[in-house]
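Chemist: Next comes the sequence, and after it the predicted model I'd like to discuss.
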Amino acid sequence: MSRLSARRFRAMARKEVIQLRRDPRSLILAFLLPIALTVLFGYAISFDVDDIRFAVLDRDASADSRALLDAFRSSGYFTLEDRVPDRRSGERLLEAGRVRLLLVVPPDFSRGLHTGVPPALQVLLDGSDANTATIAQAYAEGIVRGWALRALGDPRLGVPLEVRSRIWYNEELSSRNMIVPGLVAVVMMIIAAMLTSLTIAREWERGTMEQLAATPVHRLEVVLGKMAPYFAIGLVDVALVSVVGVALFGVPFRGSVVLLALLSAAFIVGALGLGMFISAVARSQLLATQLALILTFLPAFLLSGFMFAIDVMPAPLRAFSYLIPARYFLVVTRGIFLKGVGADVLAVQGLLMLAFAALGLAAATRAFRKQIES
Amino acid sequence: MTGGADHAVSEAAVVARGLSRAFGDFLAVDDVSFSVHRGEIFGFLGPNGAGKTTTIRMLTGLIEPTAGEGRVAGLDIRRERRAIKRTIGYMSQLFSLYGDLTVAENIRFFSRLYGVPRARRGERADWVVEMAGLTAQLDRRTETLPLGFKQRLALGCAVLHEPPILFLDEPTSGVDPGARRRFWDLIYALSEQGTTVFVTTHYMEEAEYCHRLALMNRGRLVALDTPSRLRAQLAQPVLEVVVDDPPRACEALHDTPGVVEAALFGRTLHVMVDDARAGTEAVRARLAAAGHTVHRLREVEPSLEDVFVARVRATGGAVVG
């Protein structure tokens, strides 16, 4: 292997920057998409269940039933949409999706409470969104118990022992706090998948790769030179997502900026290498983009723990998730953002990031070697 | 024009010995041997699919031969590929500069890749721009240039580092004869400065410009000599026939006694015959019988295409493409 040349590397990188500057599509992908994704996920997509619309069929119409209703309304989780005169109209509201929950208070509610015969409150839930239904059910049961305890001081209706739990790291249990740190990983994968696949496949399609291959340029110079501008974009994007997350959505940032930058850098190298490997193998822009989406972006999005918790995945998917680098990077970003953990805790992930970087570089260089120097 | 063939063979710029390349079951290049002298313009002529590009790609270190060996500027094409890439200039078949870079940016990029010393870069860039006639287009995106300009720029970028050997793979495909002639003026200029030029083409008239020609068909070398000697070696006379319907006349001439071969040649027919006088009579008689009016019938100097067709037939094959 002959010596690498800094001059040829710089020539490659400079050429790539010029081409990037003249390609609005790539620039939009590089800088606007990360911000758009952060804002979109921050505002629109939320796994938090609040503001559940409900209706009530109050057959008792007593002071007690009104007090229970107030407890629902003041809980912060429920919004009273309607009072219905009979069961049928309540069910129609459920069917139409206008309410998620129908609370039915029996005629003997108040009497039962005071005579010791526990009245049967009925809660009908719209199970078409199972997740929301389960959470709403848990909220409703909690409200009823708490109200009974306070109103009657009688443990017969309530729980004998109250559990006071405290949530750490994400006190408001806000899904936003979970999502924004994870976005750093997802955004990197988009850049790796879309941008690099475009730049390399384009060289094959336009025949410039053949000309490059006939020059003395070394494959590692091509890989590193092409990677350099995207690496810089990647670091800028990490900063963009972080700043938008903290400034706009109040996501806590408790750890070290330097540690995040270092581990992100390693992850970016790995992701870019993987993107280059795919596009070097695919050789057409369309195929490369699609392959890269399927092989890098989608797994990072769906199976890394970003959208869905890995613990509750079926066993085969759970096993598969170990192969997804974003899974480990997610531990890094969430750890640094939310828990403020340092290098000591993230040592294993750090090593994995370095391994990913090495793997990405090796894969990209190898793919080029096979094709440039076939 | 200098007679490249007169140079000493021991100083060969390019040598191929038994060079072969298979793609799966398909033998793209089959046991090809030749040598190119220093300073020579060496042409590789043949139809598409004859194996010209595969040969050039093996010699420039882009693909490895499956059999045989070769040396370029004394360097082994299997083991010293990177050194070869530093030594040669190569212009691939497709236009392959960066279309979204300007003329000046492309020149700068390639002069850095080829390691042109900083002190020489400006001078080399000026030389390329002037040679290609692009002084006014320095800041234009390359993709907006006419094809003839692009090809001259690509040639310029391939010789920025002043390589002693230049490989050109169908450098003038797709441009008009005027642009083609301008391109060949540049090739002659380089050749006069001592550059060895290895060029492939499927244009017969372009082949005439070469010092020596290798005729290739179906992966095999069917002839190798100077254009004039190749023509001289053709034993049979060639008749040019002008008729109203050349394709049908060509068909009518098949298995006429004394006719070796009849082929379309532009809007005329070229008919190779055993004997000029007897052949002329036979052709005239056969065409008259088939109802064709013969506007002209005379003996002409054989073209390279005639040579090519005859050589392929003599080696027992059909012309691909």
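Modeler: Looks like it arrived, so ask away. Numbering: from 1, shown residues only, chains lettered A, B, ... in the order given.

Chemist: show me the contacts for A:A55.
Modeler: A:80-84, A:90, A:93-94, A:98-99, A:101-103 (CB atoms under 8 Å, 6 or more residues apart in numbering or on different chains). All C-beta spots, glycine's among them, are computed from the backbone N, C-alpha and C.

Chemist: Over to A:V39?
Modeler: Counted by CB under 8 Å, 6+ apart, A:V39 has contacts A:244, A:248.

Chemist: how about low-confidence regions in the chain?
Modeler: I'll assume chain A. A:1-2, A:44-49, A:118, A:152-174, A:370-374 (pLDDT under 70).

Chemist: Hmm, no, I was thinking of chain B.
Modeler: B:1-11, B:316-321.

Chemist: Mark out where each domain of it begins and ends.
Modeler: B:4-231, B:235-301 (automatic domain parsing).

Chemist: anything in the first one near chain A?
Modeler: It refers to domain B:4-231. Yes. Judged by CB under 8 Å from any CB of the partner chain, domain B:4-231 comes into contact with chain A through B:60-64, B:81-82, B:85-86, B:88, B:90-101, B:105, B:108-110, B:112-115.

Chemist: What subset of those residues is buried?
Modeler: Among these, those scoring as buried are B:60-63, B:81-82, B:85-86, B:88, B:90-93, B:95-101, B:105, B:108-110, B:112-115 (criterion: 16 or more other CB atoms under 10 Å in any protein chain shown).

Chemist: Check the gap between B:E251 and A:G342 for me.
Modeler: 88 Å (CB to CB, to the nearest Å).

Chemist: What of B:R311?
Modeler: Counting by CB to CB, the gap from B:R311 to A:G342 is 78 Å.

Chemist: Wait, a helix at A:Q290?
Modeler: Yes. Assigned with DSSP: H, G, I helix; E, B strand; the rest coil, A:Q290 falls within a helix.

Chemist: How many neighbouring residues does it have?
Modeler: For A:Q290, the count of nearby residues is 15 (other CB atoms under 10 Å in any protein chain shown).

Chemist: Over to the one 3 residues further on?
Modeler: For A:L293, the tally of surrounding residues (other CB under 10 Å) stands at 17.

Chemist: and the gap between the nearest residue to it once chain neighbours are set aside and A:L183?
Modeler: The shortest distance from A:L293 to any non-neighbouring residue, by CB to CB, 6 or more residues apart in numbering or on different chains, is to A:A193 (5.7 Å). Remark: distance between A:A193 and A:L183 (CB to CB) = 15 Å.

Chemist: And A:D237, by the same measure?
Modeler: On the measure of CB to CB, A:D237 and A:L183 end up 10 Å apart.

Chemist: near chain B, which residues of chain A show up?
Modeler: A:2, A:5, A:7-8, A:10-12, A:14-15, A:18-19, A:22-23, A:206-208, A:210-218, A:373-374.

Chemist: make it 6 Å
Modeler: A:2, A:7-8, A:11, A:15, A:19, A:22, A:207-208, A:210-211, A:213-217, A:374 (CB under 6 Å from any CB of the partner chain).

Chemist: Please check those and keep the buried ones.
Modeler: A:8, A:11, A:15, A:19, A:208, A:210-211, A:213-217.

Chemist: and which of those residues is nearest A:G245?
Modeler: A:Q19 (30.6 Å; CB to CB).

Chemist: and that closest one, what element?
Modeler: Assigned by DSSP states H and E, A:Q19 belongs to helix A:6-21.

Chemist: Check B:L215 too.
Modeler: Assigned by DSSP H and E, B:L215 falls within strand B:212-217.

Chemist: Also B:R112?
Modeler: helix B:103-113.

Chemist: That helix - contacts with which helices or strands?
Modeler: Here helix B:103-113 touches helix A:6-21, helix B:118-132, going by 3 or more CB pairs under 6 Å, 6 or more residues apart in numbering or on different chains; DSSP states H and E.

Chemist: okay, that helix in PDB with CA atoms only?
Modeler: The C-alpha atoms that make up helix B:103-113 are tabulated as PDB, following Å, rounded to 0.1, in the frame of the first residue of the first chain:
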ATOM      1  CA  VAL B 103     -13.900  24.300 -16.000                       C
ATOM      2  CA  ALA B 104     -11.300  25.900 -13.600                       C
ATOM      3  CA  GLU B 105     -12.500  23.700 -10.700                       C
ATOM      4  CA  ASN B 106     -12.200  20.500 -12.600                       C
ATOM      5  CA  ILE B 107      -8.700  21.400 -13.700                       C
ATOM      6  CA  ARG B 108      -7.700  22.300 -10.200                       C
ATOM      7  CA  PHE B 109      -9.200  19.100  -8.800                       C
ATOM      8  CA  PHE B 110      -7.400  16.800 -11.300                       C
ATOM      9  CA  SER B 111      -4.100  18.600 -11.000                       C
ATOM     10  CA  ARG B 112      -4.200  18.100  -7.300                       C
ATOM     11  CA  LEU B 113      -5.100  14.400  -7.600                       C
END
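
Chemist: any chance you could map the helices in the stretch 151-300 of chain A?
Modeler: A:175-190, A:197-206, A:208-213, A:219-249, A:257-282, A:285-292, A:298 (DSSP state H, counting those that start in this stretch).

Chemist: For B:A12, find the nearest of those helices.
Modeler: That would be helix A:208-213 among the helices of the stretch 151-300 of chain A, by CB to CB, at 25.0 Å.

Chemist: measure the residue nearest to A:F337 when sequence neighbours are not counted to chain B for me?
Modeler: Nearest non-adjacent residue to A:F337, counting by CB to CB, 6+ apart: A:P181, 4.0 Å away. Plainly put, A:P181 is 36 Å away from chain B if you go by CB to the nearest CB, to the nearest Å.

Chemist: so who does A:P181 touch?
Modeler: A:333-334, A:337 (CB atoms under 6 Å, 6 or more residues apart in numbering or on different chains).

Chemist: repeat that with 7 Å
Modeler: If you count contacts by CB atoms under 7 Å, 6 or more residues apart in numbering or on different chains, A:P181 has them with A:333-334, A:337-338.

Chemist: I would like the residues contacting stretch A:310-329, please.
Modeler: Here stretch A:310-329 has contacts from A:185, A:189, A:267, A:270, A:299-300, A:303-306, A:349, A:352-353, A:356, using CB under 7 Å, 6+ apart.
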